[in-house]
Every structure is written in C-alpha cells, then in structure tokens.
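# Quick one, fold the following:
(one chain, ligands or ions: 1)
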Amino acid sequence: MAIDPYGLGRVVGEQGVLPQRAKKLDPSLPLREGEMLIDVESLNIDAASFKQLKDEAKGDPAKVVAAIQAIVAERGKMQNPVTGSGGMLIGRVKEIAKGHPAAGTLKVGDRLATLVSLTLTPLVIEEVRGVKPEIDRVDIRGHAILFSSGIYAKLPDDLPDTLSLAALDVCGAPALVARYVKPGMNVVMLGAGKSGTLCLAQARENMKGQGTLIALDISQKALDTLKDLKLCDEAAAVDATRGVEVMNTVSRLTGGTLADLVVNCASVPNTEMGSILSVKDGGTVIFFSMATSFTTAALGAEGVGKDVQMIVGNGYVPNHAQLTLELLRRSPSVRKLFEEKYV
Ligand SMILES: NC(=O)c1ccc[n+]([C@@H]2O[C@H](COP(=O)([O-])OP(=O)(O)OC[C@H]3O[C@@H](n4cnc5c(N)ncnc54)[C@H](OP(=O)(O)O)[C@@H]3O)[C@@H](O)[C@H]2O)c1
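Residues are numbered from 1 along each chain as shown. Predicted structure coming up:
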C-alpha cells in the first residue's frame, strides 16, 4: 500500500476531500503504512469550541463531555460542528508503521503532543476519565492516528506535561508575533488569555523597550495580573465585540495614533471590527482567534475604508513549539501564571 501523507484514505464517503474538511474519518485499526498510533491521555479542546460547548450545556460538565463523545463517535474526530475548530492531544506512541518519518527517531512509549488539529486527527474515545472545564481539558482513554505529514512535539523532561500542552496548544501565536513585532511599534493584544499572554511576552522581547504594548480583555482581573507581571505597558478592560469602543480605547492609549499591529486572541465571535478599526492605515491585524469570520473581516475593512494587512493566524510556523517552550523557560512569571491558570 502506498503512503498516504495527508490521510485521504481515512476520509469516509467523500473522494478527494482532505481530512480537515471531511464530515467523517475512519479511525479504525490496523495502522496503515506511514501512520503513527497514539495512546491518548488528554484532549485539549480549542478554547472557542469549549466555550461554545459549555454555553450550549449551560455550564454542565457532564453535558459537555457527552457532546464531545457524541461528536467523536459520529465524526471519527473532534471537530465542533458550530465553531469548526478542534484542539490537540497528548499521549504516548503505541506503534509506528513502516514509512512514517519518525521511525528511527521516536520509540514506543515516548510521550508527545500533536501539533496538528484534532479536526483532522482520526480519534476513538473508549472512556472519559475526567473533565477540567477551567482549562478546556478532557482526560480520556482512547487512540488517535497521526499521518506522516502530521507534526508533533516530543514532550520535554524539564516541564510538566500539562504545562507544555497548554503552551503548545497556542504555540503558533507567539511564533507569529516573533515574526511581525519590531521595536517602536504600538502593539495591541485583543484577548489576553493563554495565547494573548504568550504573545505579550514574545512582543515584549521583540520590542526591546521601544514602543507601546497594550493588553485589552474583558476581564479586569486578568489585566491586573498582566500589569503586575509587567507584561504590558497599558491595559484596559473592554468588550472586544464593541468595535468603536475598542478603537477609542486604543486611540486614547496611543495618543491618537492607533496601533501598528493588533493580535486578535479573543475567544468570542464578532471581534473583527474592533481589531480592524484599532490599526492605523497600512497597519496589520493577525487574526489568531478561531472565531474570526473571513467575510466579516474582508467586508468590514472595505466598509470602513481601512487599508489593513490581515493575516490568518496559521497555527503552524516553523519551529513554533521550540520557540514557545523556550519562551516559557525564559519567563518565570509567565510560567507561574500558566501553572496557576491553565494547568
Ligand atoms: N489559529 C490557531 O492556530 C489557533 C490555535 C489555538 C487557538 N486558537 C484560537 O485563539 C483564540 C484564543 O485562544 P486562547 O487559548 O488564548 O483562549 P483563552 O485563554 O480563553 O483567551 C481568550 C481571552 O479572550 C477573553 N475574552 C472573551 N470574551 C471577550 C470579549 N468579549 N472581549 C474581550 N476579551 C474577551 C477571555 O476572557 P475570559 O477568560 O474572561 O472569558 C480570555 O482572556 C481562540 O479563539 C482559539 O480558538 C487559534
């Protein structure tokens, strides 16, 4: 059997469709050539997805678990049909089939986190062992299949697994910040949660003490912590869905010049205009949030006549896992915050 690097053969009933777009995947065993089998321990559900499931279940964790089990049983993968997003998983290598690029470097029993989305990862949940709604985590017994093109990170020995998982889940965001933030910029982090915090820490390093780093979030408490840790120069509580209020806040904090770069890390929909209005003409928005609507962003920018470069927050940036883990190692305060909030 030829190697199938993108897992097209795992798609049920839709010829030529890639697994991420597919309605249903076939997660059955045996393993096929080029694949890797993982004994799954935990699923880290994407923040936008978990929030939607939690809202739908009116906060009842048992109902959230039931909804996740139903999605995975029906689709053979964890892809929230409302948000379209997935998350990632942590587990141990159980088998590496011939032809997988990790054959020879990884061994059975190695612990790893997948860096491709659960939306394209064939998955079976045999048992749910627990749920931690405050960190979007579901502990399970089950298996997942990684295609030969699927990226992963071996879990480091010097950091707790849960800490690594929390950071790796959003590692594309600080890696994009590392690419785009330059000294002297006005940078706004819209949504200062898990990804927002890492982005602030990375932006701080890139800016080298020049420019203004602003954190905006709906939670004043979260902002106070970030200010205490000196992760931002300015912080303001604002509802990111209120576009003009966001713009006025950014205008006030930048002396009327607006932002060179806005990184949208909010976990709710309808935050496109707050981001677009807050950048100056010729500025840039990175839409890391999975709740972003391409239509709203494109038509919205046109509608207000804003010349803005809009970047879709690709979850993959070369070396993103290593960059993020190194950032945590270098920033004891960020690490402590992560341990308190997300582990
Ligand atoms: N592009 C990618 O590859 C990728 C990968 C992973 C995740 N993501 C996406 O990135 C986004 C952020 O993820 P995360 O893990 O950083 O989430 P998170 O830790 O939940 O952070 C989101 C932050 O947004 C805040 N927020 C919620 N509603 C708001 C509002 N109306 N106005 C202002 N702030 C608001 C939240 O505050 P509260 O905590 O008070 O609600 C929280 O601080 C999500 O949409 C997630 O799906 C993208």
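
# so residue 227 sits in a helix?
Yes. Counting by DSSP: H, G, I helix; E, B strand; the rest coil, residue 227 is part of a helix.

# Pull up the residues of the stretch 151-300 of the chain that are close to the ligand.
169-170, 172, 191-196, 217-219, 222, 239-241, 265-268, 288-291 (Cβ under 6 Å from any ligand atom). From N, CA and C alone the C-beta is placed, and that goes for glycine too.

# Sort out for me which of those are in helices.
Taking DSSP state H, the ones among those that sit in helices are 172, 194, 195, 196, 222.

# Including pLDDT and neighbour count, could these go into TSV?
Below are these laid out as TSV (pLDDT from 0 to 100; neighbours: other Cβ atoms under 10 Å):
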residue	pLDDT	neighbour count
172	96	22
194	94	22
195	96	29
196	98	29
222	95	20
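
# biggest separation within the residues you listed, which pair?
172 and 222 (21.2 Å; Cβ to Cβ).

# quick one: average pLDDT of the helix or strand containing residue 44?
Assigning secondary structure by DSSP states H and E places residue 44 in strand 36-45. Over the span of strand 36-45, the pLDDT mean works out to 96.

# Give me the next element, helix or strand, following that strand.
helix 47-56.

# helices and strands around that following helix, which ones?
Counting contacts by 3 or more Cβ pairs under 8 Å, 6 or more residues apart in numbering; DSSP states H and E, helix 47-56 is packed against helix 61-75.

# where exactly do the strands run in the protein?
36-45, 87-96, 111-114, 123-132, 137-146, 152-154, 186-190, 212-217, 234-237, 259-264, 279-287, 309-312 (DSSP state E).

# Quick check: which of those is buried the most?
Among those, the stretch with the highest mean neighbour count (mean count of other Cβ atoms under 10 Å) is strand 186-190, at a mean of 29.

# elements contacting it?
If you count contacts as 3+ Cβ pairs under 8 Å, 6+ apart, strand 186-190 packs onto helix 194-207, strand 212-217, strand 259-264, helix 272-278.

# rerun at 6 Å
Helices and strands touching strand 186-190, by 3 or more Cβ pairs under 6 Å, 6 or more residues apart in numbering; DSSP states H and E, are helix 194-207, strand 212-217, strand 259-264.

# could I get the ones you listed as TSV with distance to residue 85?
Shown next, in TSV, are those (distance: least, Cβ to Cβ, whole Å):
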stretch	distance to residue 85
helix 194-207	13
strand 212-217	20
strand 259-264	15
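
# Residue 194 versus the closest residue to residue 68 other than its chain neighbours, what's the distance?
Leaving aside its chain neighbours, residue 68 sits nearest to residue 138 (6.0 Å; criterion: Cβ to Cβ, 6 or more residues apart in numbering). In this view, residue 138 and residue 194 are 17 Å apart by Cβ to Cβ, to the nearest Å.

# now residue 82
Counting by Cβ to Cβ, the gap from residue 82 to residue 194 is 21 Å.

# ditto for residue 228
Taken as Cβ to Cβ, the span from residue 228 to residue 194 is 18 Å.

# do the same with residue 213
Applying Cβ to Cβ, the value for residue 213 to residue 194 is 17 Å.

# Repeat that for residue 67.
22 Å.

# now do residue 35
Taking Cβ to Cβ, one finds residue 35 at 30 Å from residue 194.

# again, but for residue 68
19 Å.

# for stretch 2-13, which positions count as buried?
Applying a neighbour-count criterion of 16 or more other Cβ atoms under 10 Å, one finds 3, 4, 7, 10, 11 buried in stretch 2-13.

# I'd say the fourth one and residue 25 touch.
Yes. Residue 10 is within contact range of residue 25, at 5.0 Å (criterion: Cβ atoms under 6 Å).
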